[in-house]
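> coordinates for the following, if possible.
(2 chains)
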Protein chains: 2
Amino acid sequence: MDARLERNKRFVAEFYDLIINQKDYERAKAYMGPRYRQHNPLVKDRPEGLREFIEYLKTNAPDAHSEIVRSFAEGDYVILHVHSIRRPGTRGRAIIEIFRLENGLIDEHWDVIQEIPADSANPNGMF
Amino acid sequence: MDARLERNKRFVAEFYDLIINQKDYERAKAYMGPRYRQHNPLVKDRPEGLREFIEYLKTNAPDAHSEIVRSFAEGDYVILHVHSIRRPGTRGRAIIEIFRLENGLIDEHWDVIQEIPADSANPNGMF
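Residues are numbered from 1 along each chain as shown, chains lettered A, B, ... in the order given. Modelled structure (predicted):
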């Protein structure tokens, strides 16, 4: 794989860990472009919206932890398939995140989030 | 982009259209490996599980239609970001699909599905 794509994946994985696991906006903000266009309907636009989201996590889900199960990169995009646990001991949620980089910084974010159900029609799990 | 990755993206897009829009299992099955490992918790394993899912759509959501908004490929994986409308006139759902190819056929599938909400904290939409 192309070295630039590997670098993009590492950069986005570091950013994601800072947001969700370390909940450290001050370090995360260096990874974002000035626009940071947000498509998650629960989060406000721009880096400031992400700051508010991290404050929300620190207050309401201080033990929230996510694990990147697999990741992909193409062009300026990085995709993460994530197992998100907001409260320890719960099944958690499956999330796929898409980030778009511009000028070496993360400029846009989309995600899709689904609660992992108790039962499944197949034995394979959501990951 | 690598010709093989472009070919994988076209192959998966054709398969997806056959399943969701054309609802044509007979043509779709030529795209699948014998295992077709399924991770969507509502769908049974193997090609036979997909056949049952397509029958379900034909009976319960005959007008279901999905549009691939963007797609990505890395190695043996293809990722689709999809706007899915089960019933015309509804907001529909955001889906990210991941397919893994093996020996030129689609062998494994994951997805994450979220209803598009009426309201959003930002003006950007889920796509």
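> low-confidence ranges in chain A?
Residues of chain A that meet the criterion pLDDT under 70 lie in A:1.
> can you list the residues of it near chain B?
By CB under 8 Å from any CB of the partner chain, the residues of chain A that approach chain B are A:1, A:5, A:37-45, A:49, A:70, A:72-75, A:77, A:79, A:81, A:94-96, A:98, A:110, A:112-114, A:116-117, A:119-127. Where you see a C-beta, it was placed from the backbone N, CA and C, and this is true even at glycine.
> quick one, phi/psi of the closest residue to A:Ile79 other than its chain neighbours?
Take A:Ile79 and drop its neighbours on the chain: the residue closest to it by CB to CB, 6 or more residues apart in numbering or on different chains is A:Phe72, 4.4 Å away. For A:Phe72, the backbone dihedrals are phi -140, psi 160 (criterion: degrees, to the nearest 10).
> what of the one 4 residues further on?
The main-chain torsion angles of A:Asp76 are listed as degrees, to the nearest 10 and equal phi -90, psi 10.
> contact partners for the closest residue in space to A:Glu115 that isn't next to it in sequence?
Nearest residue to A:Glu115, sequence neighbours excluded (CB to CB, 6+ apart): A:Arg93, at 5.4 Å. Going by CB atoms under 8 Å, 6 or more residues apart in numbering or on different chains, A:Arg93 touches A:His83, A:Ser84, A:Ile85, A:Arg86, A:Ile113, A:Gln114, A:Glu115, A:Ile116.
> just the buried members of those residues?
Neighbour counting with 16 or more other CB atoms under 10 Å in any protein chain shown marks A:His83, A:Ser84, A:Ile85, A:Ile113, A:Gln114, A:Ile116 as buried within those.
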